[in-house]
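J.: Sequence unavailable; structure follows:
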């Protein structure tokens, strides 16, 4: 039996039209939403590429001015002192305590399997391959990277960079090159200091506090740690040094927006550098060490 | 000495310089007046070579600075000095070291000769007593005087001033103009001043020009500018709220 509709045909037509309009509108809004999202991603990608491009241009200009006279040895030494010597105490402290923690935790973990003699080797591998370059980079970014961005940003805002240029002094050569060189040279040294302090911390805790035999501790290190572990770790630190100093200098050198702009640039420089250190660390680890 | 031909500059939608052309005589004091934010500093940055125009030429003597590479531009820059709006002293260096900076960079002199030259320059602007102070320890007027000494350190042929008297009390303002006049009388240097200080412009300049909406709308002697019939110039000179210049 055919079902007879009891609804008013006019009302039924109206509701159908409304439903269709609502459906069309929602389809439209979904399309608009996806359109906006895709265009947003596209614009963000363009801006990102533009930023990376400008950063690479600054790197290119720095390399060009690195090999052109005058060579500003005084500025190089001043920056090396600031990046390296003045960070040394911080690195010794953080490295030492990191090593001490590794001694305690390594012992707790390895003791369960009766392998506490491997505490030294484990700590040495972790420190030389990973923690030395990564933590010293993060420490130096906090202390030096932020300062580089803020200093160059303040100089830009107060026309000191323009003043340099107006006095026929190339600002990139005077300000950026010494900072890039100092960070690239000094960070591997600091990473080495970090690893050494860390090993000292691990040794003190393992041998003098937890009672692991000194000979076993040392033989584990010589047995499992290769020279390439140390050189690869230092190579990572070199890349981190160049990367963070380039980002810090770029953000400060091209700052806009007054005092607030300097604050934003400094925060961005520290955050971007720190994140990139961790991302690039994974990539370099995958390439250098693979599954070894 | 300084010649501009049809200089245009646009930032996004805004055309800041719209066909600027003028000529500045060698050894003259020329002041460009105009409203704050009207493009004076932008034009000055083009003259110094800190920015390149979209089109047009800027000649310093016979050299077109818009078509130079960095090395050639630096050679031209050694011939001029710049006093920036807030002096732009290097805040990590003392007043003495600020003045010594361009000398150390470009002249091969012994340390004693450098210090003698710096003392001479600082003495002329009355800053010898404060030579060892850092910029953060100096007043606005002292910073400008130190900036002037630094701008004059290499005995330039042309000096650019960006708002040399802005933010100064009347006495210090007068002292800065006196220093400009004195240094100008010693050597025939070309001075180009960007300022909205009308009184100073009309009193101390050989020529005055007015920049308005990206164009030079008047250029002449102070007397000609003072008696200009152009309603914009007239309103600006007399500081009237009524007239064609719209208040933002």
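T.: Arrived safely. A quick note: this is a predicted structure, and the numbers were derived from the prediction, not measured. Numbering: from 1, shown residues only, chains lettered A, B, ... in the order given.
J.: Identify the residues contacting residue 78.
T.: This is for chain A. residue A:178 (C-beta atoms under 8 Å, 6 or more residues apart in numbering or on different chains). All C-beta atoms are positioned from the backbone trio N, CA, C, and that covers glycine.
J.: was after chain B, sorry
T.: So residue B:78 contacts A:168, B:106, B:154 (C-beta under 8 Å, 6+ apart).
J.: Secondary structure element for the first one, which one?
T.: Yep, that's residue A:168 we're talking about. Using DSSP states H and E, residue A:168 sits in no helix or strand.
J.: How is the nearest residue to residue A:197 once chain neighbours are set aside classified with respect to secondary structure?
T.: Spatially, and ignoring its direct neighbours in sequence, residue A:197 is nearest to residue A:95 (3.3 Å; C-beta to C-beta, 6 or more residues apart in numbering or on different chains). Three-state assignment for residue A:95 (DSSP: H, G, I helix; E, B strand; the rest coil): helix.
J.: surely residue A:95 meets residue A:194?
T.: Yes. In this structure, residue A:95 is within contact of residue A:194 by C-beta atoms under 8 Å, at 3.7 Å.
J.: Roughly how far does residue A:85 sit from residue A:97?
T.: Counting by C-beta to C-beta, to the nearest Å, the gap from residue A:85 to residue A:97 is 21 Å.
J.: thinking again about what came up before, would you write a PyMOL line that selects the buried entries of the contacts of residue B:78?
T.: The buried residues among the contacts of residue B:78 can be selected in PyMOL (16 or more other C-beta atoms under 10 Å in any protein chain shown) with this line:
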select buried, (chain A and resi 168) or (chain B and resi 106+154)
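J.: pLDDT below threshold where in chain B?
T.: For chain B, the stretches with pLDDT under 70 are B:248.
J.: Show me where it has its strands.
T.: B:2-11, B:14-24, B:29-33, B:55-60, B:63-64, B:80-83, B:158-162, B:190-195, B:207-212, B:215-220 (DSSP state E).
J.: Export the ones you listed to TSV and append columns for mean neighbour count and distance to residue A:159.
T.: As requested, these are exported to TSV (neighbours: other C-beta atoms under 10 Å in any protein chain shown; distance: least, C-beta to C-beta, whole Å):
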stretch	mean neighbour count	distance to residue A:159
strand B:2-11	17	18
strand B:14-24	17	18
strand B:29-33	25	18
strand B:55-60	18	20
strand B:63-64	14	24
strand B:80-83	26	9
strand B:158-162	23	9
strand B:190-195	24	14
strand B:207-212	23	20
strand B:215-220	17	24
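J.: Let's have those in CSV, adding distance to chain A.
T.: Supplementary listing: those in CSV, determined by distance: least, C-beta to the nearest C-beta, whole Å:
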stretch, distance to chain A
strand B:2-11, 12
strand B:14-24, 16
strand B:29-33, 17
strand B:55-60, 13
strand B:63-64, 14
strand B:80-83, 4
strand B:158-162, 8
strand B:190-195, 13
strand B:207-212, 20
strand B:215-220, 23
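J.: one step back: pick out whichever of residue A:95 and residue A:194 has more residues nearby.
T.: The neighbour count for residue A:95 versus residue A:194, taken as other C-beta atoms under 10 Å in any protein chain shown, is higher for residue A:194 (34 against 28).
J.: Residue 53: how many residues sit nearby?
T.: I went with chain A, as the question did not name one. 10.
J.: To clarify, I was referring to chain B.
T.: Counted with other C-beta under 10 Å, residue B:53 comes out at 21.
J.: go on, residue A:275?
T.: Neighbours of residue A:275 under the rule other C-beta under 10 Å: 10.
J.: just to revisit the earlier point, quick one: closest of the strands of chain B to residue A:285.
T.: strand B:2-11 (45.1 Å; C-beta to C-beta).
J.: show me the contacts for the residue nearest the centre of chain B.
T.: Among the residues of chain B, the one closest to the centroid is residue B:161, at 1.6 Å (C-alpha atoms, centre = their mean). Shown in contact with residue B:161 (C-beta under 8 Å, 6+ apart): B:82, B:83, B:180, B:191, B:192, B:193, B:194, B:195.
J.: If you compare the directions of the biggest helix by length in chain B and strand B:190-195, what angle comes out?
T.: When chain B is scanned for its longest helix (criterion: DSSP state H), the result is helix B:170-186. Angle, helix B:170-186 to strand B:190-195, by axes from the mean of the first three to the mean of the last three C-alpha atoms, to 10 degrees: 160 degrees.
J.: Check the offset of helix B:170-186 from the chain's centre.
T.: Computed by C-alpha atoms, centre = their mean, to the nearest Å, the chain-centroid distance of helix B:170-186 equals 14 Å.
J.: One more: stretch B:19-33?
T.: 11 Å.
J.: and if you look at stretch A:223-231?
T.: That offset, for stretch A:223-231, works out to 24 Å (C-alpha atoms, centre = their mean).
J.: Can you list the buried residues in it?
T.: A:225, A:229, A:230.
J.: Show me what residue B:160 is bridged to.
T.: With beta bridges defined as DSSP bridges, residue B:160 has these partners: residue B:82, residue B:192.
J.: Repeat that for residue B:210.
T.: So, taking DSSP bridges as the rule, residue B:210 has residue B:33, residue B:218 as bridge partners.
J.: What residues does the stretch 51-200 of chain A have near chain B?
T.: With C-beta under 8 Å from any C-beta of the partner chain as the criterion, the stretch 51-200 of chain A meets chain B at residues A:154, A:158, A:159, A:160, A:162, A:163, A:165, A:166, A:167, A:168, A:169, A:170.
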